[in-house]
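1. Whatever this is, show me its structure:
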Amino acid sequence: MRISQKLEYACRALAQLAKRHDGRTITRLEELAQREAISGNFLVQILNDLRRGGLVESRRGKAGGYLLAKPPSDITLVEIAEAVDPALLANSVGTDGESGPAVRAVWDQLSEDLRRRFASVTLDQLIQSAGEPMFHI
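-> Okay, the predicted model is just below:
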């Protein structure tokens with residue numbers, strides 16, 4: 001499956017925020033960008049989308065930064081995708097021609113299956129599945 005870079009970066013930034021989630025710890029933009037090797041300018045755009053989607057909160061000022069708006073267990077991949085890449089889960093297949101409606105029906109079902117699967121995966125599960133990095137000596 002091919003996902004957009006924007007969605008990938010959103011998941012990575014949210015994973016960083018989830019690792020520090022206690023409801024009050026703020027992470028600075030520069031730290032998020034450095035830890036995940038993401039351009040600060042692009043990350044600001046992504047975080048603004050996530051803020052508008054109700055997934056992160058931002059704090060201004062010298063000690064400002066970002067934190068999750070709700071616990072990682074309450075944030076799903078479908079919410080993340082809808083916030084930063086809503087076209088991913090949309091079905092763009094038309095109904096032209098004799099076979100159009102049948103083809104569209106199949107893609108509608110696949111789209112709904114994918115949406116359900118995205119909705120079943122939480123940010124908490126995402127960071128747990130990543131585990132800790134292994135170091136070999």
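
2. Now the phi/psi pair for residue 58, please.
-> Main-chain torsions, residue 58, degrees, to the nearest 10: phi -120, psi 150.

3. What count of nearby residues applies to it?
-> 16 (other Cβ atoms under 10 Å). Quick note: C-beta positions are derived from backbone N, CA and C, even for glycine.

4. who touches stretch 69-80?
-> By Cβ atoms under 8 Å, 6 or more residues apart in numbering, the residues outside stretch 69-80 that reach it are 7, 10-11, 14, 18, 21, 50-51, 53-57, 68, 89, 115, 118-124, 126-127.

5. Show me where the chain has its helices.
-> Counting by DSSP state H, one finds helices in the chain at the ranges 5-19, 29-36, 40-52, 77-84, 100-120, 123-130.

6. Can you convert the ones you listed into CSV and add a column each for mean pLDDT, distance to residue 61 and mean neighbour count?
-> CSV is the format used below for the helices of the chain (pLDDT from 0 to 100; distance: least, Cβ to Cβ, whole Å; neighbours: other Cβ atoms under 10 Å):
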stretch, mean pLDDT, distance to residue 61, mean neighbour count
helix 5-19, 96, 18, 20
helix 29-36, 95, 12, 16
helix 40-52, 97, 16, 17
helix 77-84, 96, 24, 22
helix 100-120, 92, 35, 13
helix 123-130, 85, 26, 15
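
7. Put together TSV for those helices, with distance to residue 64 on each row.
-> Listed next are the helices of the chain as TSV, based on distance: least, Cβ to Cβ, whole Å:
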stretch	distance to residue 64
helix 5-19	14
helix 29-36	8
helix 40-52	12
helix 77-84	21
helix 100-120	31
helix 123-130	22
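
8. wait, which of the ones you listed is closest to residue 94?
-> Shortest distance between residue 94 and the helices of the chain, using Cβ to Cβ, is found for helix 100-120: 5.9 Å.

9. give the contact list for the residue of the chain most remote from its centre.
-> Here the chain reaches farthest from its C-alpha mean at residue 98, the gap being 37.7 Å by Cα atoms, centre = their mean. Residues near residue 98 by Cβ under 8 Å, 6+ apart: none.
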